[in-house]
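J.: below: sequence and its predicted model.
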Amino acid sequence: MDNKYNWLEKRTPRSIEQLKLWNENPRLNPEEKHITLADFAEDLIADETEKQHFFELLKSIANNFIPADPIIVWKDIDSHKFYVAEGNRRVLALKLLNDPEKAPKSIRAYIRKISKSRKTKLEKIKVCIAPSLEDAEWYINQRNSASSLQLQWSRIQQQRWIGNLYEKYGNDIETLITKTGMQKSELENYIRNIRLLDLIKEPEIKSALTEKQYKKASSINFPITILERFFSTKTVKEQWGIDFDGLEINLKNKNGFMTAYAELIRNIVDNQIEPKIDTRTITTKLNAILEKLPPVDLSKNDPFVISGKTIYQSKPAKKTISNKKVTNTTLKGDPNRKHLILPCYSLETSEYRLEGIFNELKKLSIDTYKNAVAASIRIFLDLAVFNWLQTENLLEELQSQEKKDIGDIILKNRLNFITTKLKTKSKKATSIISKLTNPNNEFSLDVLNGFQHSKDTSFLDKKFLNRFWDFLFPLFEVLLDIKDNGSQDE
């Protein structure tokens with residue numbers, strides 16, 4: 001081994017708590033924010049197969065076995081903190097086992113159970129300290145190269161890593177060849193693939209997809225091999241007016257291409273449209289697939305070249321002077337808002353009905369559907385409580401305490417039971433439950449029950465419904481994984 005990589009031969013104990021996870025890890029979805037341990041975990045277990053692998057890793061560590069592959073860290077010169085370049089999954093597993101309360105709600109009970117089964121709690125772990133991130137990159141490239149005998153990244157993870165390195169080194173392909181040891185043609189192919197994939201973020205594509213379709217399309221689990229094979233065929237290049245020149249992607253009709261491309265992506269992620277688009281049908285049923293997709297009119301001359309990460313930007317709208325106050329933004333907590341839940345909020349859950357009601361409440365106008373909205377608040381609360389009890393593995397304890405099956409335990413008793421579990425964890429949540437179960441309170445469970453069982457219409461008022469939801473919202477944030485994505489435009 002070259003002397004400059006002697007650091008790989010030395011392993012130094014470092015506190016697990018002080019090791020920082022790397023938010024540019026190619027295993028992570030670049031579209032997601034990674035701030036808390038729960039953010040990292042949610043991303044790494046988004047795919048069911050990856051989730052099972054992570055659970056196996058947790059059990060292995062709980063049995064005092066940690067894979068022997070080196071954990072590579074480097075010290076950031078500005079913050080003086082140690083970041084994990086290689087071994088993020090293992091470090092994340094160790095951190096969660098040491099502090100299960102930082103795990104996502106969906107797996108917290110499982111990790112808590114595994115953590116309790118451990119014989120010893122690890123406070124430190126031996127790591128290899130690279131002099132810099134650039135030095136760590138050498139090991140990362142070696143470990144995840146196509147010739148590596150170790151568990152490799154997925155194809156999209158490897159290609160995005162190469163794309164990131166290309167930008168880091170000033171778009172210098174020769175430097176990238178030196179750093180990776182890969183052939184120029186292979187590197188160019190990787191970078192073009194990532195540029196094609198990143199078209200999904202462009203307004204023309206993103207606006208043509210539903211929120212769920214876009215999430216799948218921008219996921220690190222997107223089958224990029226389908227795009228590779230599709231655009232490598234002569235027929236597609238000719239019919240869609242696309243060709244490759246080194247790193248550049250040339251389009252003959254940009255608007256026509258983007259329309260067809262959006263439909264291609266939608267078909268891939270939905271996987272329910274015949275013929276299904278996969279790596280096999282791209283070869284065996286290509287003509288049938290192209291017939292289903294919008295044609296690209298090559299008689300219209302609208303040439304464009306894709307040559308960088310930022311493909312292009314829409315022209316900013318001209319500013320005009322007007323006396324009219326125009327706004328499409330609703331402030332959080334505005335009792336006059338049209339929709340109970342603002343678009344900026346999203347719910348992470350595997351429960352179909354919870355997700356369905358949450359997303360429908362984003363769309364239902366309270367002015368038009370106030371009865372449906374009112375009843376849905378009560379149903380959503382019931383489902384949220386049941387989901388939390390299930391996630392925390394508390395159903396059996398509650399049934400034993402009440403001496404009833406869960407279906408026979410009224411919501412008020414479920415809420416009172418939850419209060420005993422949240423007393424030391426969330427004073428805000430317990431305060432809300434206390435007020436909710438008090439029939440004299442303005443926002444009471446009795447009022448919610450009345451939305452379903454009473455003929456009283458005095459509470460069917462938009463302002464009241466919005467205020468009731470805002471009252472409950474901090475409790476929902478404790479019971480569920482609700483995220484604020486920033487934009488509040490309605």
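T.: Structure received.

J.: where is the longest helix in the protein?
T.: helix 366-391 (DSSP state H).

J.: that one packs against which elements?
T.: helix 105-116, helix 352-363, helix 411-422, helix 445-453, helix 462-479 (3 or more Cβ pairs under 8 Å, 6 or more residues apart in numbering; DSSP states H and E). Heads up, the C-betas are built off the backbone N, CA and C, glycines and all.

J.: which one of these has the lowest average pLDDT?
T.: Ranked on mean pLDDT, the bottom entry among these is helix 445-453, at a mean of 84.

J.: which positions within stretch 247-265 qualify as buried?
T.: Buried residues in stretch 247-265, counting neighbours by 16 or more other Cβ atoms under 10 Å, are found at 247, 249, 251-254, 256-265.

J.: kindly report the same for stretch 211-222.
T.: For stretch 211-222, a neighbour-count test (16+ other Cβ under 10 Å) marks 213, 214, 215, 216, 217, 218, 219, 220, 222 as buried.

J.: dihedrals phi and psi, the last one?
T.: Think residue 222. According to degrees, to the nearest 10, the main-chain angles of residue 222 amount to phi -60, psi 130.

J.: so what's it closest to, chain neighbours aside?
T.: residue 156 (6.2 Å; Cβ to Cβ, 6 or more residues apart in numbering).

J.: which element follows the one helix or strand the one you found maps to toward the C-terminus?
T.: Assessed by DSSP states H and E, residue 156 sits inside helix 155-168. Counting by DSSP H and E, the element after helix 155-168 in chain order, helix or strand, is helix 173-180.

J.: give the buried residues for that next one.
T.: 176, 179, 180.

J.: swap in stretch 370-378?
T.: For stretch 370-378, burial by neighbour count (16+ other Cβ under 10 Å) applies to 370, 373, 374, 376, 377, 378.

J.: excluding covalently adjacent residues, which one is nearest to residue 139?
T.: Nearest non-adjacent residue to residue 139 (Cβ to Cβ, 6+ apart): residue 72, at 5.4 Å.

J.: quick one: low-confidence parts of the stretch 201-350 of the chain?
T.: Applying pLDDT under 70 to the stretch 201-350 of the chain flags the ranges 308-330.

J.: kindly apply the preceding question to the stretch 51-200 of the chain instead.
T.: In the stretch 51-200 of the chain, residues with pLDDT under 70: 66-68, 142-153.

J.: quick one: the strands in it?
T.: 72-75, 82-86, 124-130 (DSSP state E, counting those that start in this stretch).

J.: closest to residue 52 out of the buried residues of helix 173-180?
T.: Using Cβ to Cβ, residue 180 comes nearest to residue 52 of these, at 30.8 Å.

J.: give the contact list for the spatially closest residue to that closest one that is not a sequence neighbour.
T.: Spatial nearest neighbour of residue 180, excluding adjacent residues (Cβ to Cβ, 6+ apart): residue 141 at 5.1 Å. Residue 141 sits next to 179, 180, 181 when contact means Cβ atoms under 8 Å, 6 or more residues apart in numbering.

J.: distance of residue 141 from residue 72?
T.: For residue 141, the distance to residue 72 equals 12 Å [Cβ to Cβ, to the nearest Å].

J.: also residue 261?
T.: 38 Å.

J.: next, count neighbours for the residue nearest to residue 139.
T.: Using other Cβ atoms under 10 Å, residue 72 is surrounded by 24 other residues.

J.: switch the contacts of residue 141 over to JSON lines; also include distance to residue 415.
T.: As requested, the contacts of residue 141 are exported to JSON lines (distance: Cβ to Cβ, whole Å):
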{"residue": "179", "distance to residue 415": "58"}
{"residue": "180", "distance to residue 415": "57"}
{"residue": "181", "distance to residue 415": "61"}
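
J.: quick one: which of those is nearest residue 241?
T.: Nearest member of these to residue 241, counting by Cβ to Cβ, is residue 180, at 31.8 Å.

J.: from residue 164, how far off is that closest one?
T.: Look at residue 180 and residue 164: by Cβ to Cβ, they are 12 Å apart.

J.: again with residue 362
T.: In this view, residue 362 and residue 164 are 34 Å apart by Cβ to Cβ.

J.: same thing with residue 349?
T.: Distance, residue 349 to residue 164, by Cβ to Cβ: 31 Å.

J.: can you check residue 247 too?
T.: Using Cβ to Cβ, residue 247 is found at 15 Å from residue 164.

J.: between the helices and strands packed on helix 366-391, which gets nearest to residue 428?
T.: Going by Cβ to Cβ, the one of the helices and strands packed on helix 366-391 nearest residue 428 is helix 462-479, 5.0 Å.

J.: mind listing what's buried along whatever helix or strand comes next after that closest one?
T.: Scanning forward in sequence from helix 462-479 by DSSP H and E, the next helix or strand is strand 481-484. Neighbour-count burial for strand 481-484 flags 482, 483 (criterion: 16+ other Cβ under 10 Å).
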